[in-house]
Every structure is written in structure tokens, then in C-alpha cells.
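*Asks:* Fold the following and give me the result.
(2 chains)
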Amino acid sequence: MTGTYQNFARYEALCRNLRIELIDLLHQKGTGHPGGSLSCCEILTVLYFLKANISPQNLKDPARDKIVLSKGHAAPMLYLLLAEKGFFPKEELKTLRQIDSRLQGHPCAEKLPGVEISSGPLGLAYSAALGLTLGDRLQGNNGSYVYAILGDGELNEGIIWETAMSASKFQADHLITIVDYNHVQLDGTTQQIMPMPELLQKWRAFGYHVICCDGHQLEQLCEAIDGAKQHRGQPTVILADTVKGKGVSFMEGQNIWHGKPIGEEEYQKAIAELRGDKDGTSNS
Amino acid sequence: MEPAIRDVYGAELVRLGKEYPELVVLDADVSSSTKSCLFQSEFPDRFFNVGISEANMTSMAAGLAKAGMVPFVNTFAAFITTIGLLPARSLIAYMNCKVRLAGAYGGLSDSYDGATHHSADDIAIMRAVPNMTILVASDAVQVKEIMRQSMEIDGPVYFRLSREAMPPLSRQEPVKIGKGSVLREGIDITIFSCGVMCSQALQAAERLSAEGIEARVVDLFTIKPIDAETVEASVKQTGAVVTAEEHSVIGGLGAAVLDVMAERDCYAPLVKVGIQDCFTESGAYPALLKKYQVDAGAVIKAAREAVKRKGKPIV
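*Replies:* Sure, this is the predicted structure:
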């Protein structure tokens, strides 16, 4: 399997750098959501660098793939990926959440190239992603896929399940849903706030093909996406098991890091951890 | 006999569907009420019945628009502007999508179903949403015309339709989105109206004429962007104003006219005819219009009052 994607190490290193840049940026700005950004780092990296046919060069091509970050509060990680991919100058990252910036607190499609659907109010963009998929089908863009990234807390929203019923009814097999299954939401663990037992069975009961994987393993994510693309007649959901705050020990699994500003001491500790990790395992 | 507005709408949707292959239609399990079912029969592949999930339907429309389609979204006005509001605001309007939100059964026209199914606040709600064009159906000819012309508008449009028929109006000029239609000339007062209140205003004007009050009647069917030039000119020429709408007196046509008058320094006595900030109830449509004082009788009373206040000093 490793042969299919020769250079995972390169993208693992990229993920480490993205995490460092994220902590840097959010510390500098004193605002933004670290927890859910850190958990979807590998998911977004796999999509933008390995799996989705999307780049600044084909942004006007209707047959491109589309990536919709429905959990819009993870915008900082999305922006890091878009900048890395060349959708806008990296220099602009420092304008995050500031006046006159294209980098809004939640992704704004009207302002920033590469954002397909504005998101923020949870659940809405997932339904819009289904609309995109059905529109692509009507337009004859049969080779293009729409990837929707949801949070597991986001699954509390009723519209998620309304969308799921519709995706199933309309056999939207080009809609690939990835749940960043990090088990933590703003006020506590998902178990405490709104238990979602039998999540796999829930999606199945709504008519989905379900694939489970480790959401921090690039190779597993790639295989899951390949599996989703091969499946016909049903939409696929990938339950990507992740850790909220992944990579920073004191943020991992802690709901307080959903949207908390990063203090100086915490910043030093987080960066030391992430740099140490990098030095220890990467050659890049 | 005049056709019901919903039938006119449904038939025009089919005609437009033939001309515009990018036109798609969504409905939330009320297609036989909204008459979007006519489109379904003709173009099943471009029709999506999403079941009873209005927020989902409205959100899906945003995605369809981003893929280059022009969605017409159908359910009752009372639901599309409430359950559908979040996606209408945060997806469709925020991304300036070319989506048409068709509010069926507008005003009190779903009369027997009661207050939950009446829309007396839809215009107020939609006026506050940036990028939104708001159009109110006032007769069969005009509905077809505004649907057709709306295909040239790149951003979102909200249509307020009706379950019922509306008497045909004779206009001095062809219907044009953004332009008020003068329905009757007069020098003593202007009655700005929309929807079913246009014909009520004309009836009122005839009776006022017998009392020596000559009313100008203007169909201001484009609530947003409002035709400020026509408002200003009419107010200046007649010096008294009545606004008449099948909607709450808060936030609708009357408020839009007042905004223009304030912004343009053209002051005149104004009396609003509309639903007086209350919940309505079940009943026959004409009985509801009478009870909630949105009929010709209410317009006459309002006009007399406005004319009486003419010339009073503005403090």
C-alpha cells in the first residue's frame, strides 16, 4: 500500500509544520479555534495534497473536485492548507480575523478563493455540499467529487440528518462525507453533551456506505477515500477517528481548547512539543 | 374568472424551465399546493422533493446555485422565511447566490390554516437580509413578468406569492422590477400598495373620489430595492400618504416608504394600513382581511385621516 503513495513522510512533516504554524498564528492573534483545527489537519492535508483534484489553477474549472469545510470553526487549518496550496499568499495569514481581511472567523466564499461554500452555522454547508453534488451531476461533471468535512458535535444538528436522508434518496455517490470524529465538543465530551451512540449504524440506517479509519493516519485516510470513490449508488461517510487538539498534549481531548486563546506559557510549551516531535521523527 | 396566483406561478415555472435548462426546482412536500408539481411532471430530473425539511431544501439550493444551476425553492412563505431563513441568510444571501425563494400562500391567503400558516412578517424578515431582492405578486400578468425578469438578477430573490386569485390591474407602463407601477392618478394623496392591497386601494380610491379626494395609487411591488424616486415624487406631488399591505405594520412596505421619506427629507402625513402587530386566526380570506383591517374600508379611513392631517406644521 505504501507504494501507492511513496512519500507519506513528506506529508507527515507537512502536518507537523501546519500544526506549528497554527499554534503560532492563533497565539499571535489571540483568537480562533485550536482544538478542532488540530484534529482535522491530516484530513485536510490528504484532501488538498493527495486526493482532491483542486488547485488555484483549476479553480474556474467546473469539473474540479470541491472541498467543503462544514465545521467552519476549523477555518484556521483550512487557511493554512489553502495558503500552502497557493490559493493566496502565506503573508496574508497574519490578517486572520482582523478588519479588512479575507480570512474571516469562519470561511467566506465571497471573499477567499478556494472556499467553495461559506460555513459557520453548523450543518448548513453539508446540505449545500449535497446541492453542489447534485448540481455537478446535472451539469455532467461526472468525474468530480464533493468532499464535506463535518465535526462530530456538528452531528447534533437536525439538518445533518435531513441532508443524509436527501443524499441517500438522490443516490449522491459523488458526495464523500468525512466526519472528524474527535469525541469532544465545545461544552464537554460528545458523550456528556449529546451522546451519539451507534454512530456507524446511524449512518447505515440513513442509507450510507460507512468506512471507519484513523483520521490521523494519511495512508488510512487515502484508502478510505479510494473505497468511497469505488462505491456506487449510495453516498459514503468516512468516520475518521481523531483526537481534538491532536499534537499538543495539554489540548488533547480537552473541550476548553475548542476556542480558547493561547497564552504565552501555553504557547511555549505547545511549540516545544511540536518542534520536539518534528526533530525526533522527520528528515525534512 | 382570474386564475389563482399559485397556478399562474406553476405554469410560468414550466415555461421558464423550457427556456432555461439551468433552472431547477425544489419543494418540501407541498408541491401540489405551491404548484411546483407542474414543473416536476415536465422536468422530473430537475426537480427535487426533499420531504419536510425546509432548512435542508434552502441550503441545498445554495449548493445547486454554486454549481451553476438556478434553483426555485418552494414552500409556504411562513416557512421559507423562518425555517429557511438561516440558510437564506448565511448561505444564499452571504454568497449572493442566484436562488429564487418562492413564498407560496403569502399573507393571510392560506386563510383557514390559521396564524401559524399566515405570513405577516415575511417581508420584514427578508428586508433585513443583505443582497435580497423582494418582490410581491400583485396580479397574474405581473407574476409572470417578475418571474421572467428575475432570471436577469444575479443575486437572491424572494417572491411573495398568494394562494388566491388577484383582480387584474391596469398599469400605465409595463411591469419592471425596481419600478413602481402607477395604477391610478390623483393629486390629493398617494396610496402605496402591494399584493392584494392594490385592488383594495383602487376600490378605496373610487369611493374617495366621490368624497372629493383624488388618490394616486402606486403598486410598489419591489419592496427591495424600493423605487425611491417614485416615492419621493409622489409624496411631494400629493402631500399625504397611505401605505397598504397584507403584512404587519412593522418592517414591511410602510416602513420601507417611511425610510425613503426620512432619507430624502420629504415629509407628509402617513397612515399605515396593515396587520396591527398581532397574531391572526382561521377564517374565510375576505373575513380575515376585513377583521384585521387590510381591505378597502381600512384604506378609506386611513386616507381620510392622512388628508385631514395635511398642512399641519412639522415640529
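
*Asks:* what does the stretch 151-284 of chain A put close to chain B?
*Replies:* Neighbours of chain B within the stretch 151-284 of chain A, by Cβ under 8 Å from any Cβ of the partner chain: A:158-159, A:162-163, A:165-166, A:169-170. (Each C-beta comes from the backbone N, C-alpha and C, glycine too.)

*Asks:* Of those, which is the most crowded?
*Replies:* For these, the largest neighbour count, defined by other Cβ atoms under 10 Å in any protein chain shown, is 34 neighbours, found at residue A:163.

*Asks:* Quick check: it touching residue A:128?
*Replies:* No: the pair residue A:163 and residue A:128 fails to qualify as a contact (Cβ atoms under 8 Å) at a distance of 9.0 Å.

*Asks:* Which two of the residues of the stretch 151-284 of chain A next to chain B have the greatest separation?
*Replies:* Longest distance between any two of those is 18.7 Å, between A:158 and A:170; criterion Cβ to Cβ.

*Asks:* On the three-state scheme, the closest residue to residue B:291 other than its chain neighbours is what?
*Replies:* Spatial nearest neighbour of residue B:291, excluding adjacent residues (Cβ to Cβ, 6 or more residues apart in numbering or on different chains): residue B:283 at 7.1 Å. Following DSSP: H, G, I helix; E, B strand; the rest coil, residue B:283 is assigned to coil.

*Asks:* where's residue B:283 relative to residue B:110, distance?
*Replies:* As defined by Cβ to Cβ, to the nearest Å, residue B:283 lies at a distance of 11 Å from residue B:110.

*Asks:* cool, residue B:12 as well?
*Replies:* Remark: distance between residue B:12 and residue B:110 (Cβ to Cβ) = 20 Å.

*Asks:* can you tell me which of the residues of the stretch 151-284 of chain A next to chain B lies nearest to chain B?
*Replies:* Closest to chain B out of those is residue A:162 (3.7 Å), distances taken as Cβ to the nearest Cβ.

*Asks:* State the next helix or strand along the chain beyond the host helix or strand of that closest one.
*Replies:* For residue A:162, the host element (DSSP states H and E) is helix A:158-169. Using DSSP H and E, the helix or strand that follows helix A:158-169 in sequence is strand A:175-181.

*Asks:* Note down every partner strand of that following strand and its orientation.
*Replies:* Under the criterion DSSP bridges, strand A:175-181 sits next to strand A:146-151 (parallel), strand A:236-241 (parallel) in its sheet.

*Asks:* between residue B:12 and residue B:110, which one's more packed in?
*Replies:* Using other Cβ under 10 Å, the more surrounded residue of residue B:12 and residue B:110 is residue B:110, with 23 against 20.

*Asks:* Where do the strands of the stretch 151-284 of chain A begin and end?
*Replies:* For the stretch 151-284 of chain A, the strands defined by DSSP state E, counting those that start in this stretch cover A:175-181, A:184-185, A:188-189, A:209-214, A:236-241.

*Asks:* quick one: contacts for residue B:284?
*Replies:* B:111-112 (Cβ atoms under 8 Å, 6 or more residues apart in numbering or on different chains).

*Asks:* OK, contacts around residue 190?
*Replies:* I'll assume chain A. Contacts for residue A:190 (Cβ under 8 Å, 6+ apart) come out as A:152-153, A:183-184, A:196.

*Asks:* Please refer instead to chain B.
*Replies:* Contacts for residue B:190 (Cβ under 8 Å, 6+ apart) come out as B:215-218, B:234-235, B:237-238, B:240-242.

*Asks:* what mean pLDDT does whichever helix or strand it is part of have?
*Replies:* Taking DSSP H and E as the criterion, residue B:190 maps to strand B:189-193. Summarised as a single mean, pLDDT over strand B:189-193 is 98.

*Asks:* and if you look at stretch B:102-122?
*Replies:* Taken as a whole, stretch B:102-122 carries a mean pLDDT of 97.
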